[in-house]
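Peer 1: Sequence first, predicted coordinates after that:
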Amino acid sequence: MNRIAVYPGTFDPVTFGHLDIIRRGALLVDRLVVAVAVNTEKQFLFTTQERIRFLEEAVSPFPGVEVCQMDGLLVNFVRELGADFVLRGLRAVSDFEYEFQMAGMNRKLSPEVETIFLVSGEETMFLSSRLVKEIAGMGGDVSRFTPACVIPELGRRMMARLGRGSG
Ligand code: COA
């Protein structure tokens, strides 16, 4: 059976937390589509094309994984793709309420869309893109949190945003 899953998110930027879920999720299906959301209320640091480029580079070692832009509702994306389920990562207890609500709303919108959760590994349990950005903006070392391809531009962008010159 050709199993397809969608792993949606904003990935601003991708972290090792996301990559942990992608690596493990890819082992469960034949095709894992990482869906980069465009229209959310978040103010992005990186453009859609940048977020996709970082992800494409980061997932290149994983067979069966591809990266796509997602413009509208997740349930429509899943349906159009003919995917079997949505994959999400669950970190600490704090994720539960949000994820529970989102999975429930998606089920209301499209009853056949199931969401399957993978519990984050210990190493990535506390990671979030927001914290990685904050650390980078203050000159901290983020090499344990986000792939090398992200780091130079992340540093520049956050320093500029926070008004800290590199000198
Ligand atoms: N490890 C580390 N960090 C993780 C993680 C993991 N396993 N999983 C999520 N995160 C972090 C992200 O980095 C992000 O951190 P940030 O808030 O500091 O940026 C945070 O958790 C949540 O991010 P994300 O997974 O990208 O979720 P989101 O809330 O930004 O995006 C979508 C949610 C894109 C899935 C949702 O908005 C969506 O489906 N949009 C499409 C439109 C739609 O259908 N809307 C109706 C939904 S009911």
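Peer 2: Perfect, thanks for sending it.
Peer 1: what about residue 105, which helix or strand?
Peer 2: Using DSSP states H and E, residue 105 maps to helix 94-109.
Peer 1: what's the answer for residue 13, then?
Peer 2: Assigned by DSSP H and E, residue 13 falls outside every helix and strand.
Peer 1: Which residue, neighbours along the chain excluded, lies closest to it?
Peer 2: Distances taken as CB to CB, 6 or more residues apart in numbering place residue 150 nearest to residue 13, at 4.6 Å, with adjacent residues excluded. Yep, even glycine has a C-beta here, placed from its N, CA and C like the rest.
Peer 1: so who does the one you found touch?
Peer 2: 13, 14, 54, 58 (CB atoms under 8 Å, 6 or more residues apart in numbering).
Peer 1: Now do the contacts for the first one.
Peer 2: To tie it back to what came earlier, the one meant is residue 13. 45, 46, 50, 51, 54, 129, 132, 133, 146, 150, 154.
Peer 1: thinking residue 36 is in contact with residue 14, fair?
Peer 2: No. Between residue 36 and residue 14 there is no contact, the gap being 9.3 Å when judged by CB atoms under 8 Å.
Peer 1: Next, show the common contact partners of those two.
Peer 2: Joint contacts of residue 36 and residue 14 (CB under 8 Å, 6+ apart) are 51, 55.
Peer 1: more crowded one of those two?
Peer 2: residue 14 (29 against 23; other CB atoms under 10 Å).
Peer 1: Count the neighbours of the closest residue to the ligand within the chain for me.
Peer 2: Residue nearest to the ligand within the chain: residue 17 (2.1 Å; CB to the nearest ligand atom). Residues lying near residue 17 (other CB under 10 Å) number 22.
Peer 1: Next up, the contacts around it.
Peer 2: For residue 17, counting by CB under 8 Å, 6+ apart, the contacting residues are 89, 91, 120, 124, 127, 128.
Peer 1: go on, residue 30?
Peer 2: Here residue 30 is in contact with 1, 2, 3, 4, 64 (CB under 8 Å, 6+ apart).
Peer 1: One more pass at 6 Å, please.
Peer 2: 2, 3 (CB atoms under 6 Å, 6 or more residues apart in numbering).
Peer 1: And the pLDDT at residue 42?
Peer 2: Looking at residue 42, its pLDDT is 87.
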